[in-house]
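In: Next come a sequence and a model predicted from it.
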Amino acid sequence: MRLPPTFSVTFSGLFFYMTLAAHAADTPPGLADGLAAELPTGPSDGMMNSSPSAQPAGAPVARSLNMPASKPTGKAISLLVGTTGLAIHGVGAINSEMNARIGVNYFNNVDFSTNTKYVDWNLHLKLRTFDFLLDWFPWDSNFRFTSGVVFNRNQIEAQGTYANVDGIGIGGLPFTSFTYQGVDYNVSQVGGLKGKIDFQPVSPYLGMGWGNALKDGKGWGLSSDVGILFQGSPTSRTSAENCTLPSRACEMISILLASEDQRLNDKLKRFRAYPVIRVGVNYRF
């Protein structure tokens, strides 16, 4: 039996709308609203309007079909140990691929020694830095690239004693002992040197690492850093102490000290690019 043309058109339109309604139940809300906005709002050419939420004329119908990317939430704390000492960092999300870290590093017991032309040095390194870092996680992984600035309060305390193997050079002449106004003096009366070596106060940092404290739910995770702190050439400020030579001789020792400062700076140039290696754990709240 052949159906009337009007009945065929009406039946086809109803079937079309029922199919869309069934599909919309499994469609994300943003996409379903976008599709509904593009459908006709009233009957046309005999087609039935079965949409219960037809929009009034003149209402805006354009909607975005793209769902917004979810932004990581929560805060985390990292505890690390390494070449910058003991470190504690607070971690927060900037977007789905980038975190910010702010933290402090501290250690107070790194001793080593070196020597210059006339002086044997005992050096004590104090590690005190404040980190302001950005972690970028490419490829949706836990691997990260890190850059930032570090407020650098690293400092080396120096204690020096004059080496008496070849004597002390005063006026271009070495001596181990001498007589002045009927009094005998020797190199042990030169005393010693003390001072501090500083680095540039704001230092850039570049590195990489592993671990995203905000990615995998609450609880504990692992973290690591490998990088370079560019803290510049050291600057020493040393002075003589406990010199019991005649005042003129002590003045000559002070002149000699200027060249020893430069020699000490040259010895410590290896600290211009300070290696950073840290490992530890993080906890997300």
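Out: In hand now; what should we look at?
In: Break the chain into its domains for me.
Out: 10-68, 76-284 (automatic domain parsing).
In: and those domains, which one's lowest on average pLDDT?
Out: Lowest mean pLDDT within the domains of the chain: domain 10-68, a mean of 46.
In: May I have the strands that pair with the helix or strand where Arg144 lies, each with its orientation?
Out: For Arg144, the element it lies in under DSSP states H and E is strand 143-152. Strand 143-152 sits in its sheet next to strand 119-136 (antiparallel), strand 202-210 (antiparallel), going by DSSP bridges.
In: Direction included, what does the helix or strand following it pair up with?
Out: As assigned by DSSP H and E, the chain's next helix or strand after strand 143-152 is strand 155-162. Within its sheet, strand 155-162 is paired with strand 119-136 (antiparallel), strand 192-198 (antiparallel), according to DSSP bridges.
In: Asn99 contacts Gly209, doesn't it?
Out: No - counting by Cβ atoms under 8 Å, Gly209 is not a contact partner of Asn99; they are 11.0 Å apart. Bear in mind the C-beta positions are built from the backbone N, C-alpha and C, glycine included.
In: got any residues that touch both of the two?
Out: Common contact partners of Asn99 and Gly209 (Cβ atoms under 8 Å, 6 or more residues apart in numbering): Asp135, Arg144.
In: Send me stretch 215-233 as CSV with only the CA atoms.
Out: The C-alpha trace of stretch 215-233 is given here as CSV (Å, rounded to 0.1, in the frame of the first residue of the first chain):
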residue,chain,number,x,y,z
LYS,A,215,49.3,14.7,38.6
ASP,A,216,48.4,11.5,40.3
GLY,A,217,45.9,12.1,43.0
LYS,A,218,46.6,12.7,46.7
GLY,A,219,49.5,11.1,48.6
TRP,A,220,53.2,10.5,48.2
GLY,A,221,55.4,10.5,45.1
LEU,A,222,59.0,10.8,44.0
SER,A,223,60.9,13.9,42.7
SER,A,224,64.3,14.7,41.3
ASP,A,225,66.3,17.6,39.9
VAL,A,226,69.4,17.8,37.8
GLY,A,227,70.6,21.2,36.6
ILE,A,228,73.1,24.1,36.8
LEU,A,229,73.0,27.2,39.1
PHE,A,230,74.8,30.0,37.3
GLN,A,231,76.1,32.0,40.3
GLY,A,232,78.9,33.9,38.7
SER,A,233,82.5,34.4,39.7
